[in-house]
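Participant: Fold the following, please.
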Amino acid sequence: MFSEKFSTLMRELNIKSRELAEFMQCDKSYINRVRSGGRELSPSGRAAGRMSHGIFDYAAAHSLLPQLYILTGCAEDTPEPTARHQLYEWLFEGHESKQKLKKERKSKHKTTKTIDFSEKFKQVNALAGLSNIRLAKLLNVDPSLTSRWRSGLSQPRDENMQNRFCGELVKRIYAQNRAEDFARLLDISPDVSDTEEKAAVLLKAWLFTESDENNAILESFIAGFDNFSPTPQIPVLSFEEAVDDKTLNDDAKQYLYISGLQKAVLRFLGNAIKNSTKELWLYSDQNMNWMTGSKSFMLKWYSLMSLYLRNGGKIKIIHNVDRSFDEMTEAIKGWLPLYMTGGIISYYSTKPGGSRFFTTLFLAVDSACIYGSYITGSENKAEYSYYTEKERLDHYKTLYETLMKDCRELIKTEIMTPNRQFVETINEKKGVHVIQSTLSLATMPKELADSFCADMSKKDAGLFYREWDLQRRRYITNIENAFVNEYIPLPDDETLFEHKVSVDSSIPGLYYTPEQFSLHIKNIIAMTEKYANYKFVILPTSLLSHSRIIIGKKTVIVNHLTAPRMDLSITHPLMRAAFTVYAEDLYQQCLTSKKSELNKMKQYL
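Facilitator: Numbering: from 1, shown residues only. A predicted model of the protein is given here:
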């Protein structure tokens, strides 16, 4: 058992809890709880790696490595990386067999291929001996990402990342002369993996065979939203750099080919900005190469669209969703920076599109219109008309409105109003899945809500109490009529005792004390015992850093909880279904027995 090994190590090396806590810059009570067994560390968790490396670094700093090497069975000349790995293995010796039955029981309920990846990753990393933090540094990613890979909540999706991932693991394994162990793990002959390059290719094929494609795409979409920053990822051109006076003042009626369409669009957007046009209506089902095929044009288009939205313009767009799930999601993801301005409402048509002809209709209401229709595949021979006459604008406005009659809202973004979208979705009374990074305000007991209010200004206390009361009542109504499944990670002691666990509120700067967190957990335990339709699923690590996902029967709401605070509403049936499947897979992956879940929560009491 880890706590017994840890206590033995502390005793044999004569290390005091206070000294180790100061060295590792954590709370002494955390060290004491680990030592007593009150806090059990998972060998796959970030806390376990940090503790193991902290012990090793302390021993090195205080000339205790010889004693540590003897205790863990290392020879005097053992290289440091191997010695660190040996310490880790020694601390968790026997843990795998203790957990084997539990893992086998859980594996019967795991349905996604991501879990297969997680188990393989753990096996190959047992040879490499890389902590989450070390691997993250080697790959230049956040440690929380490698933690999600290890726990089975996601996996590397980008091919370049997969190559780097496998390359770093193989490099570490071969550096420790464990090539034969690697060959045995993959069930291959050592002859076919005699170089690191060959081994990396074989490892990639072994790790990434088959995957749940929709979950992979959805994970990428969620990560893009969660990590969104208002700071532009690409340089945005000024108005003068994006469109010149000649283009703005052009009076042509016809534009030929893709190059002509690009020129017409720059004129269209430039004048919409110049004339402060209030609304743009956009539709096109032609191949998007006209926009994405030229980097210089794409930059100008993006710069003008951004400027138009920043100036308060509104865009109504009918997306072409007669395509596969991944194509649709990637298209929306590409528009995400523009969506996050809050100025776009998107729709999809309930009628299937054609495949013989394409149509492009861009309308700056009351000022200009671009229209073109041609045979699909011959876009570079197409002709586009540019209209400014009122009668023509009225004609195409009527056509667009006719098209809208068969459309439904796809995605809507709005500046976040505290809990409005949350409450609307919860109010469906059809059952909801809620994924977030901290305990829900809705499950907070009244006495704890009162204690937070007591330390606030009258205005903040009123807002906080209204948020709490509204969420709580909607939760209970949904639980009584359908179900509520929450997917939330629990913090490690270090984070909790350093008062870094945030409270789920629109009021910034609220954090739990360990005592307050304990009260909240106690109420969640009471709710799980009282309501059969309420499930609290403990995530092994946080899926989200800046967002919350609420998956309802009719709508999926993704709240971006940091600047820019935005609500993203998704209503398309295909995307709603994908989110629901994603949540159900999480449920199967992470939910253990009720007794086990309760035991994990009781550690915080």
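Participant: switch to C-alpha atoms for all contacts and neighbour counts from now on
Facilitator: Fine.
Participant: which SS class is the residue nearest to Cys74 when sequence neighbours are not counted?
Facilitator: Leaving out its chain neighbours, the residue that sits closest to Cys74 by C-alpha to C-alpha, 6 or more residues apart in numbering is Ala83, at 6.5 Å. Following DSSP: H, G, I helix; E, B strand; the rest coil, Ala83 is assigned to helix.
Participant: Now do Ala83 against Pro66, distance only.
Facilitator: 11 Å (C-alpha to C-alpha, to the nearest Å).
Participant: More neighbours: the two, which one.
Facilitator: Neighbour count, other C-alpha atoms under 10 Å: between Ala83 and Pro66, Ala83 has more, with 21 against 13.
Participant: thinking that one is in contact with Leu71, fair?
Facilitator: No. Counting by C-alpha atoms under 8 Å, Ala83 sits too far from Leu71 to count as a contact (11.2 Å).
Participant: For Ala179, which residues are in contact?
Facilitator: By C-alpha atoms under 8 Å, 6 or more residues apart in numbering, the contact set of Ala179 is 173, 190.
Participant: pLDDT score assigned to Gly37?
Facilitator: Here the pLDDT value assigned to Gly37 is 71.
Participant: Quick one: neighbours of Pro508, just the number.
Facilitator: 10.
Participant: I'd like the average pLDDT over stretch 552-559.
Facilitator: 82.
Participant: With stretch 573-582 instead?
Facilitator: For stretch 573-582, the mean confidence score works out to 74.
Participant: Give the buried residues for that stretch.
Facilitator: Across stretch 573-582, burial judged by 16 or more other C-alpha atoms under 10 Å covers 575-580, 582.
Participant: quick revisit: can you tell me how far the residue nearest to Cys74 is from Ala60?
Facilitator: Using C-alpha to C-alpha, which is the criterion applied here, Ala83 is 12 Å from Ala60.
Participant: What residues of stretch 524-531 count as buried?
Facilitator: Residues 524-525, 527 are the ones in stretch 524-531 that count as buried (16+ other C-alpha under 10 Å).
Participant: could I get those as TSV with secondary structure and distance to Asp492?
Facilitator: Output for the buried residues of stretch 524-531, formatted as TSV (DSSP: H, G, I helix; E, B strand; the rest coil; distance: C-alpha to C-alpha, whole Å):
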residue	secondary structure	distance to Asp492
Ile524	helix	18
Ile525	helix	18
Met527	helix	23
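Participant: Adding pLDDT and distance to Tyr302, write those out as CSV.
Facilitator: As requested, the buried residues of stretch 524-531 are exported to CSV (pLDDT from 0 to 100; distance: C-alpha to C-alpha, whole Å):
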residue, pLDDT, distance to Tyr302
Ile524, 95, 46
Ile525, 94, 49
Met527, 94, 49
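Participant: Unless I'm misreading it, Ala272 sits right up against Tyr308, doesn't it?
Facilitator: Yes. At 7.4 Å, Ala272 counts as touching Tyr308 under the criterion of C-alpha under 8 Å.
Participant: So between these two, which is more surrounded?
Facilitator: Between Ala272 and Tyr308, Tyr308 has the larger neighbour count (other C-alpha under 10 Å), namely 26 against 22.
Participant: Quick check: chain neighbours aside, which residue is closest to Gly54?
Facilitator: Using C-alpha to C-alpha, 6+ apart, the nearest residue to Gly54 is Met24, at 6.1 Å.
Participant: contact partners of stretch 537-544?
Facilitator: Residues outside stretch 537-544 that contact it (C-alpha under 8 Å, 6+ apart): 144, 147-148, 151, 153, 223, 226, 436-437, 485-490, 587, 590-591, 597.
Participant: So which of those residues sit within helices?
Facilitator: Among the contacts of stretch 537-544, DSSP state H puts 144, 147-148, 151, 223, 226, 587, 590, 597 in helices.
Participant: all helices of the stretch 151-300 of the chain, in order?
Facilitator: Counting by DSSP state H, counting those that start in this stretch, the segments of the stretch 151-300 of the chain that form helices are 159-175, 179-186, 196-207, 213-226, 239-242, 245-248, 257-274, 289-292, 295-310.
Participant: ranking these by mean pLDDT, which is last?
Facilitator: helix 213-226 (a mean of 64).
Participant: Not counting its neighbours along the chain, what's nearest Phe92?
Facilitator: Phe92's closest residue in space is Phe2 (C-alpha to C-alpha, 6+ apart), at 5.5 Å.
Participant: Looks like the one you found contacts Tyr88 (just checking).
Facilitator: No. Contact criterion C-alpha under 8 Å: Phe2 and Tyr88 do not qualify, at 10.1 Å.
Participant: quick revisit: JSON lines please, covering the buried residues of stretch 573-582 and showing distance to Leu135 and secondary structure.
Facilitator: As requested, the buried residues of stretch 573-582 are exported to JSON lines (distance: C-alpha to C-alpha, whole Å; DSSP: H, G, I helix; E, B strand; the rest coil):
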{"residue": "Met575", "distance to Leu135": "33", "secondary structure": "helix"}
{"residue": "Arg576", "distance to Leu135": "34", "secondary structure": "helix"}
{"residue": "Ala577", "distance to Leu135": "34", "secondary structure": "helix"}
{"residue": "Ala578", "distance to Leu135": "30", "secondary structure": "helix"}
{"residue": "Phe579", "distance to Leu135": "29", "secondary structure": "helix"}
{"residue": "Thr580", "distance to Leu135": "32", "secondary structure": "helix"}
{"residue": "Tyr582", "distance to Leu135": "27", "secondary structure": "helix"}
